[in-house]
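> The sequence and its predicted three-dimensional model are supplied below.
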Number of protein chains: 2
Amino acid sequence: MSLEKVLNAESVAIVGASKNETKRGYQAIRTLIDEKYSGRIYPVNPKEKHILGLECFPKVSAIKGPVDLALITTPAKTIPAILEDCGKKGVSGAVLIAGGFGELGQEGRTLENDVVAVAEKHHIRLIGPNTSGMMNLKDGMNLVGLKNAPKGNIALLTQSGNMALTLITEAQIKSRKGFSYYVGVGNEADIKFHEYLEFFRKDPETRSILMYVEGMRQGREFLQQAYKTTQDKPIVLLKSGRSSTGRQSAGSHTGALAGMSEVAKGAFERAGIIVIENSDELFPAAETLSSLPPIKNKNVAILADGGGHATIAADLLTDLGISIPTLSEKTQNQLKKILPFAASVPNPVDVAGGTDADPSIFADCARIILNDASVGGLLIVGLFGGYGIRFAESLALMEEDAAHQMGKMVKKRNKPIVLHSLFNSSRPHALELLRYYDIPVYDSLDIACKCIGVLSTYGDYLKSYKAKANFVLEHGIKAKPEGDEIIQKALADGRTSLLEYEAKALLALHGAPVAKDKLAQTEDEAMAIADAIDGGVAMKIVSPDILHKSDAGGVRLNVSGAAGVRRMFKSIVKEARKYNSKADIRGVLVSPMAESGVEVIIGTKIDDQFGPIIMYGLGGIMVEILKDVSFRVLPISPRSAKNMLRETKSFPVLDGVRGTRPKDQKALTSLLLICSEVIEAYPQIAEMDLNPVIVYEQGLNVVDARILLKTGGQ
Amino acid sequence: MSLEKVLNAESVAIVGASKNETKRGYQAIRTLIDEKYSGRIYPVNPKEKHILGLECFPKVSAIKGPVDLALITTPAKTIPAILEDCGKKGVSGAVLIAGGFGELGQEGRTLENDVVAVAEKHHIRLIGPNTSGMMNLKDGMNLVGLKNAPKGNIALLTQSGNMALTLITEAQIKSRKGFSYYVGVGNEADIKFHEYLEFFRKDPETRSILMYVEGMRQGREFLQQAYKTTQDKPIVLLKSGRSSTGRQSAGSHTGALAGMSEVAKGAFERAGIIVIENSDELFPAAETLSSLPPIKNKNVAILADGGGHATIAADLLTDLGISIPTLSEKTQNQLKKILPFAASVPNPVDVAGGTDADPSIFADCARIILNDASVGGLLIVGLFGGYGIRFAESLALMEEDAAHQMGKMVKKRNKPIVLHSLFNSSRPHALELLRYYDIPVYDSLDIACKCIGVLSTYGDYLKSYKAKANFVLEHGIKAKPEGDEIIQKALADGRTSLLEYEAKALLALHGAPVAKDKLAQTEDEAMAIADAIDGGVAMKIVSPDILHKSDAGGVRLNVSGAAGVRRMFKSIVKEARKYNSKADIRGVLVSPMAESGVEVIIGTKIDDQFGPIIMYGLGGIMVEILKDVSFRVLPISPRSAKNMLRETKSFPVLDGVRGTRPKDQKALTSLLLICSEVIEAYPQIAEMDLNPVIVYEQGLNVVDARILLKTGGQ
C-alpha cells in the first residue's frame, strides 16, 4: 500500500490531545497550527471539548470528517484499543510515539506484535513505535514539535530523534538547505526502511535522502529499493552500532537487529549508497550531493592560497581514492599569466599571494582550471571569503564578484566547486552568495575534502550503473531437473546436507570443474578405481552423519599401491565408526591427488539482514588468520566476481608474484558466478563451502565441496 | 645556544621598515605597537628618518642600543649582507620572512647555505627563511601581523602560515584557550624543530605544544627531545604529506624532506606524541590536553540524553581503543534512583528524559559515575547547554548550576569530563561556564570522542613512560673487540659488505644463534665438513663481489653424498664465475640443512629522518605482498621488541594456530634486541638483513645474514 495518505495526510487526529503545555498532545497541535498545516486537525480526548480553539472529539471514530492519519501520544498499552477505533474510522496511518515495545525485550515484543496485528487487520500503516515522529515540511505537517526546521529537498530518515535534531540544527545554522520530509522510523514494526525509500524515490520534492540507521529489518528489500533510487537520487547513510557496546546501545534504543558488518557496508555501496563513517560528514555530504553535479572522472583540482591547506587536502583526497592530475601545459601557462612567479600551477594550484590585492582572481583561476578537460571538479581551500575581513574591507566586493562568477560557472560547465573557508563562521556575504548558487562552503578542510569526495564516489557509481546487480534473486529459474532431484533425494532421506559427491555433482551440473571422484562401497571397488588412476589417490569417508571428515580421521592423501588402498579403506571406515558408532557409512570417495596450485576458498551462507551472501578468499593463513576475504550479497555480476578477487590483499598471489605465472582468474570468476547461479537456482540451500579449490595457470579444481540444506527444507 | 634571546627578545630591529601601509615592514611595526610589545622597536630603512613616530636607522649596526632580534622583511638576495651587518651589531637572532631559498631547488639551496654560513659565523640563530614569522604573546612580540591572537598556554609550531592562521582563528572563535608562542619554522635552515621544542619544554608559560609538520630535518634529535618533553607537557602533531601529491605540495612549500611514513608515525607515538590525522581535531586535542588530567585506565563512561549520540560515541570510542566498562551495581543503583524507569544505566547511561525537567541532574549523574572506580573519564553527549534554548528559559539556570558542579568535580576527582553539545554554537552561558572550568565543549560528536580519546592515549603513555626507549644511540659502548676486528678487516679490504660467515660471526659474538656454517675453500674441505653433518647440507657461495647469492646460482640446498657435494662445489664456483668473471671467490659455506619452522625476516637500515631503524616480519608472502611488518627506530627496549612481534597481523602464526604449538617468541625477542645492540655497537653498519630466521618451539636459527657497511666506512 502506498504511503501517500500517511506521509501526505490531509487530516490528522491527535490522540492524547491536551491543554497542558508540557504535554506532547498539546505541543503537537500547537506546532501544526504554528507551521500552518494545510490539512484538518482533530484533537482527540474524551475529557475536553475544545483545545487551542479546535473542537475536541472523545475518540477517533467520533470525528465527523475523513481522517488520514492519527498521531497517538498515549502510552504503549492503550494503543491496540485506539487502533481498533481508528480502524472503524478507516484511518490510513498512525504515528506511534510511545516506547515500551520490542526495544524492552520479550514482553514489549508481544505487545508490538499485537499492535501490528490490529493495524494489519484494519489496513492501517504504522510509523514507529518508539519514534520522535514525522514531518512533511511542504504541507507544514510537523508531528515532532520541533520548530523552524528548514524546508528543502533532502528527505531525512533516522532511527534516533537526537540525530534528527542534530542534522536539522546543523542545517539551520550552517546551510541554506533543508528538508522535504523527516521520518523517525522507530522500531520499524510495520513500515520498513525500503518503503519510505520508495516513497521518497517517487516524491518530486525530494532530491536526496539522508539516513541514520542503527538496525534494519529487511536488508535485501532495502538494497533493491536503494538500487532503484540511487540512479536518480543520492542516498547518504551512516550506520552505527559497529562496536559491541554500540550494538548494545542501539539495541536498547530501537530493539532492532543492529551491527554494521563489512557485508552491509559493501552491499550498501554496491547499491550506490554513500556510506559515511563520521557523523560530522553526514549532513554536508547530503547537502553537497543535493546541490552539485557529480564528478565523472575521479579527477579533482585544488586551488589554494597557502601551502598547508593544499598539502592536507592533497593527502585527504588521495586517501579518498581521488586523483589530482597534473594540469595541461596550456592550463598551467594560462595560470602563470595571471599569477605571480612564486605560484605553483601543476595542481594543487597555490596562488602564492596572487589574490591578495584582488580576490576575484580566484574566479579567473577557477575558470581556467575547470576548462581543463582532465579536471572533473574543483576544491578551493583557504581564506576565500575572508579577504575583506582579514585585509581590507574593499576586497569583500571583489570576493562577491568572484562568487557570482563561480556560481554561474558551475551551472555552465556542469562541474562542481566545493569551498573550504577559514572565515566561514563569520558568514561573509561572498560565501552566502556561493550558497545561493548551490556551492557549499565548509570551515572544516576535512569535510570539504569529503564532500568533493562523495561527488566523485557518486559520479563513479553512476558511470558503471548498468553493470551493477539489482539484488533480486530469481529463485528456481536457473535450476536443472537433475539438480532438483539431488536435493529432493537428500530431503526425502531426512538429511540436512548433501554428500560430498552429490554436492560436486550439483556444482558440475552448472559447469563447475570438480575433482574426478568415484564412490567405492567396498575395498575391491576402491582398488579398481585407484588402479585406473595414475599416481597416488586421495580417499575420503562418505557419510551423511560425518560433516567434518578430517576430525573423524576420514581423509587420507597420497595413498598408493593396492595394499595401501585396501588398508586405508579399512582404516577410514574403522575410524569413522569409532568417531560415530551410529554413522550411516556410504563408502569411500577415491580421487586422483590434486596437483598443487593456489588454494582458495568459496563459501555462501544466509545473512540475517540480506539473505544469501558469498565469500571468497585465499586458503590457509590468509583466510583463517588475516581474514583476507571479500563478500557480496548474491546474486553477483561478472564485474562483481572479478572485483571480489581483486579486493583481497592476497590478489597478487593469484596474479603472479615472484616470477610465478598468473593463475586462471577467468576460471575462478566463472566459478564464483556458478556458485551465485546455484544459490539462486536452489532456494533450499542454506550454506555452501568449496574448500579447497585449487587454481592453476589453466583451469581449476574444486577438490572438496559441502552443501547444507535449510532445516525443514523450505 | 639557547633561544632565550631570540624567542624572548627585549629589542627588535625591523629591517625593511616602511611607511607604506600595505608593506610587511609597516604592518610589523604597527602590530608591535598595537600589541604593546614590552621591548624596544628599531625600524631600519636608509630612506626614512621616522616611521610611526619611531626613529628609523639606516642599518642595524647604526642602532644605538642593544638589539636581540632582527625581523628581516626584504627579499632573499639582500639577506646575506644584512646578516653581516647584524653580526657586527651582535644581534642574537633573525626572522627571515622571504621565500626563494631551498624550496625553489638548487639555486635557492645555495643561497640558503650562504645565509646559514654567515649566520653561523656571527652566532646569529635564524627562524625561517620562508616563514610567516613568530609571536611571543606574553611580551606582545607579534612579528606576524595577525591581530588579536588569543593568549594562553599552548605553544604553536607550524610549517604553514595558513595552518597557523587556521588554528589561531579556531581558538578565537571556539575556545577560551590561546597561545604562549607561535613559531613558523619555515625551511628549518638553522633552528630545528627539536630546538624550539627544548625551549618550550623549559618555558613556564607553555603547558602543551601544538605542531603542524610537513617535513623534518633532524628526526632523531626531535624524538629525543619529544621523549623528554612529553613526560611533562603533551605534544599534539599533525604531519601532512602522506600522499605523493601531498609530498610534492609540501616540498614546493618548505623545501624540506617530506613524507609521513609508518616509521615516523610509530616513532612519534613511542615518544609520547599525540599524532592527529584529521586537521579538525588538531586544536581541540591540544585544548583538551592543556585543560584536563589524562585518563589513567583507558575506561570511559558515556552520559547521554538520547540513544543515537550514545551509540555513535560508543562506536567511535571503541575504534580509539577505549573501553566502556559496565558500571558497578552500586553505581547503577544510585543512577536508577534519580533517573526514570526507561533510563539505561549500565554504560552508556541514557537519561531517557530524566533531565528534561531539571538538567542539573546531569551533574548528579556525573558525580555518581565519576565515583565509580572503574571510570577514568566521562563523555557527556547530546543537548546539554540547550535545555534553556530548546525547552524553557528557566532550565538554563539549572544547566548553569550543573556546570558549576561539574567544573569543581573535575578538579576534585582529577578525572576529566569532555562535552558534546548540539547547542554549542549558540554559546549558552552554561557552556561558557564549563570552559571557564577548563571543560572543553564541542559541537562535533566525532571531535568530542577524539578528545576524550587523546586523554586516554596520553594517560596510557605516561603510565608506561619508564619502560620507553629514549632514542639515544650509545655508539660503540657495546662493541666487542672481535666485532670491531671483523669490520675493520672488511674496511681494510676495501669492502662495503661483510661476507656471510663474517656477518654471522659478528651476530654470534652478541649471542645470536646462527647456523653452524663452515667455510670450505676446496672440494675436499667441503666433503670433510659435509661428512661430519648428519643428513643433507646447504652450500652457498662466499664472495665479496656476490651479494645476491641466489641470482648467481650460488645456493644449493639438500645436497647429500660425497659425489654430490663435490659436484655442487664445482658447479657453484663455475656459475659464480659465469655470473661475475672478476668475482673474488673465497670458497663455499657448508651448513646443516635447517629444520623447518616459522620463517621470519629481520632487517635494519638508516632512515633519512631518524637514522637506524629495524623491521620485523613473517617471511614469504606476508612481507612481500601484504607488507605485514613492524618498524621501530633503534635502539629498542625489551617491551618494544615484544610489541613488534604482536603488532604484525601474522602474529597468530607465531603464537600457535590451528593446533600448532607456539614458537619461541622469547628467543625472537632476544634476537631483535641483539640486532639493536649490534647496530648501536658498530656505527659503521649501514644495513643488516637476517633472512630467513627460522623460529622453532625452542630456539631459532639465523640461516642467512647480510651486513652492508657505510661507504667510506664512517
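Structure's in. What do you need? Note that the coordinates shown come from a computational prediction; the quantities given were computed from them, not determined experimentally. Residues are numbered from 1 along each chain as shown, chains lettered A, B, ... in the order given.
> Start and end of stretch A:282-296, how far apart?
22 Å (CA to CA, to the nearest Å).
> Roughly how far does A:L507 sit from chain B?
From A:L507 across to chain B, the span is 26 Å (CB to the nearest CB, to the nearest Å). In this view, the C-beta of every residue, glycine as well, is placed from N, C-alpha and C.
> Whatever helix or strand that residue lives in - what's its average pLDDT?
Under the criterion of DSSP states H and E, A:L507 resides in helix A:500-509. Averaged across helix A:500-509, pLDDT comes to 96.
> cool, stretch A:402-414 as well?
Rounded mean pLDDT across stretch A:402-414 is 96.
> Show me which residues of that stretch are buried.
A:402-407, A:409-410, A:413 (16 or more other CB atoms under 10 Å in any protein chain shown).
> How about stretch A:516-531?
For stretch A:516-531, the neighbour count (16+ other CB under 10 Å) marks A:517-520, A:523, A:525-527, A:529-530 as buried.
> and A:M593, what does it touch?
A:535-538, A:557-558 (CB atoms under 8 Å, 6 or more residues apart in numbering or on different chains).
> Just the buried residues of the residues you listed.
A:536-538.
> and the residues you listed as JSON lines, adding secondary structure?
Shown next, in JSON lines, are these (DSSP: H, G, I helix; E, B strand; the rest coil):
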{"residue": "A:G536", "secondary structure": "coil"}
{"residue": "A:V537", "secondary structure": "strand"}
{"residue": "A:A538", "secondary structure": "strand"}
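> Please tell me how far the residue nearest to A:P359 when sequence neighbours are not counted sits from A:E400.
Leaving aside its chain neighbours, A:P359 sits nearest to A:Y387 (4.4 Å; criterion: CB to CB, 6 or more residues apart in numbering or on different chains). Separation of A:Y387 from A:E400 (CB to CB, to the nearest Å): 11 Å.
> Neighbour count for the two, which is higher?
A:Y387 (27 against 21; other CB atoms under 10 Å in any protein chain shown).
> Let me see the domain layout of chain A.
Domain segmentation of chain A under automatic domain parsing yields A:1-132, A:148-290, A:293-467, A:516-592, A:598-709.
> Most tightly packed of the ones you listed?
domain A:148-290 (a mean of 23; mean count of other CB atoms under 10 Å in any protein chain shown).
> got the end-to-end distance for it?
Domain A:148-290 has an end-to-end distance of 21 Å (criterion: CA to CA).
> do the same with stretch A:271-285
Stretch A:271-285: ends 17 Å apart by CA to CA.
> Give me the distance from that stretch to the chain's centre.
Offset of stretch A:271-285 from its chain centre (CA atoms, centre = their mean, to the nearest Å): 11 Å.
> Relative to chain B, how far out is A:R207?
Distance, A:R207 to chain B, using CB to the nearest CB: 24 Å.
> Once you drop chain neighbours, what's closest to that residue?
Once flanking residues are discounted, A:R207 sits nearest to A:N153: 3.8 Å by CB to CB, 6+ apart.
> How about the contacts made by the residue of the stretch 301-450 of chain A found nearest chain B?
Here the stretch 301-450 of chain A gets closest to chain B at one residue, A:G308, 2.5 Å apart by CB to the nearest CB. Contact analysis of A:G308 by CB under 8 Å, 6+ apart lists B:158-163, B:166, B:212, B:214, B:240, B:253.
> SS state for it?
Under three-state DSSP, A:G308 falls in the helix class.
> Dihedrals phi and psi, the closest residue to it other than its chain neighbours?
Leaving aside its sequence neighbours, A:G308 sits nearest to B:S160 (CB to CB, 6+ apart; 2.5 Å). Backbone torsions of B:S160, given as degrees, to the nearest 10, read phi -150, psi 120.
> Go ahead and confirm B:S160 touches A:G306.
Yes. With contact defined as CB atoms under 8 Å, B:S160 counts as touching A:G306 (6.4 Å).
> thought A:N701 was touching A:A594?
Yes. Assessed by CB under 8 Å, A:N701 is found in contact with A:A594 at 5.3 Å.
> which residues do those two both contact?
Common neighbours of A:N701 and A:A594, using CB under 8 Å, 6+ apart, are A:515, A:694.
> which residues does the residue nearest to A:A98 when sequence neighbours are not counted contact?
Nearest non-adjacent residue to A:A98, counting by CB to CB, 6+ apart: A:A76, 4.5 Å away. Each residue near A:A76 by CB under 8 Å, 6+ apart is listed here: A:98-101, A:108, A:111, A:129.
> Of those, just say which sits nearest to B:R125.
A:G99 (66.5 Å; CB to CB).
> low pLDDT regions in the stretch 51-200 of chain A?
Of all residues in the stretch 51-200 of chain A, none has pLDDT under 70.
> Distance-wise, check the residue in it positioned nearest to chain B relative to B:S2.
Distances between the stretch 51-200 of chain A and chain B by CB to the nearest CB are smallest at A:S160, namely 2.5 Å. Distance from A:S160 to B:S2, counting by CB to CB: 56 Å.
> Next: A:K666.
70 Å.
> Same check on A:I154?
From A:I154 over to B:S2 the distance is 58 Å, taken as CB to CB.
> Also A:R706?
Noted for A:R706: a distance of 74 Å to B:S2, by CB to CB.
> just A:I72 next, same as before
Noted for A:I72: a distance of 75 Å to B:S2, by CB to CB.
> ditto for A:K463
Going from A:K463 to B:S2 by CB to CB gives 61 Å.
> Please name the nearest non-neighbouring residue to the residue nearest the centre of chain A.
Nearest to the mean C-alpha position of chain A, counting by CA atoms, centre = their mean, stands A:F268 at 1.9 Å. In space, and not counting its chain neighbours, A:F268 is closest to A:V275: 5.1 Å by CB to CB, 6+ apart.
> List the contacts of that neighbour.
Contacts of A:V275 by CB under 8 Å, 6+ apart are A:237-239, A:265, A:268-269.
> now, which of those residues lie within helices?
Residues of those located in helices (DSSP state H): A:265, A:268-269.
> Out of the residues you listed, which comes closest to A:L223?
Nearest to A:L223 among these: A:F268, at 7.6 Å, using CB to CB.
> And the pLDDT for that closest one?
On the pLDDT scale, A:F268 gets 93.
> ditto for A:G255
The model's pLDDT for A:G255 equals 39.
> cool, and A:G259?
pLDDT, read off for A:G259, is 42.
> returning to what we had before: where does the residue nearest to A:F268 sit: helix, strand or coil?
Following three-state DSSP, A:V275 is assigned to strand.
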